[in-house]
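S.K.: Predicted model and sequence below, questions to follow.
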Amino acid sequence: MVGVDGVPEPHTGWTFLTSHARVLASIADNHNARIRDIAMRCRLTERAVQKIIADLERDGYLSHTRNGRANSYRIDPSGILRHPAEAGLTVASLLSMLLKDEAERKGVIEQVRADS
């Protein structure tokens, strides 16, 4: 949900994925996404997304190229996930799971709409 001022309403309680994972998955889905679009999709503020992108770039998971007023992002798929429990897992494996699931969910939604 988006508040009256256009800022996404925050989620309360815990979630399975971090905001960093959500932003990375959003960029993987659209390498030319605007910060505003990423923020809306991830239900974060634009400022939070800017900070997350800076974190990901600083640690080598992400880079960007400026194209006029827009950015084009590049993800390093070989980056190793940071938590010791995921030792050896790459960004590519994480994104593969997240994007596959999202594609399957979209397929189910489209099927339900077609059956209606």
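M.R.: Yes, it's here. Numbers count the residues shown, from 1 in each chain.
S.K.: need the helices for the protein, in chain order.
M.R.: Listed in chain order, the helices of the chain (DSSP state H) span 19-29, 35-42, 46-58, 91-115.
S.K.: So for Ser78, which of these sits nearest?
M.R.: Nearest of the helices of the chain to Ser78, taken as CB to CB: helix 91-115 at 7.0 Å. All C-beta atoms are positioned from the backbone trio N, CA, C, and that covers glycine.
S.K.: Give me the spatial nearest neighbour of the residue nearest to the spatial centre of the chain, chain neighbours excluded.
M.R.: By CA atoms, centre = their mean, the mean C-alpha position of the chain lies nearest to Val23, the distance being 2.5 Å. Among residues not flanking Val23 along the chain, Ile52 sits closest, at 4.7 Å (CB to CB, 6 or more residues apart in numbering).
S.K.: and the one you found, how many neighbours does it have?
M.R.: 24 (other CB atoms under 10 Å).
S.K.: I'd like the distance between it and Gly68.
M.R.: If you measure Ile52 against Gly68 using CB to CB, to the nearest Å, the figure is 23 Å.
S.K.: same check, this time on Leu89
M.R.: Counting by CB to CB, the gap from Leu89 to Gly68 is 36 Å.
S.K.: of those two, who's got more company?
M.R.: In this view Leu89 and Gly68 are compared by other CB under 10 Å, and Leu89 has more residues nearby, 14 against 5.
S.K.: residues touching the nearest residue to Ser78 once chain neighbours are set aside, list them.
M.R.: Leaving aside its sequence neighbours, Ser78 sits nearest to Thr90 (CB to CB, 6+ apart; 5.8 Å). With contact taken as CB atoms under 8 Å, 6 or more residues apart in numbering, Thr90 is in contact with Pro77, Ser78, Gly79, Ile80, Leu81.
S.K.: just checking, the second one touches Ala92?
M.R.: Yes. The pair Ser78 and Ala92 passes the contact test of CB atoms under 8 Å, sitting 7.0 Å apart.
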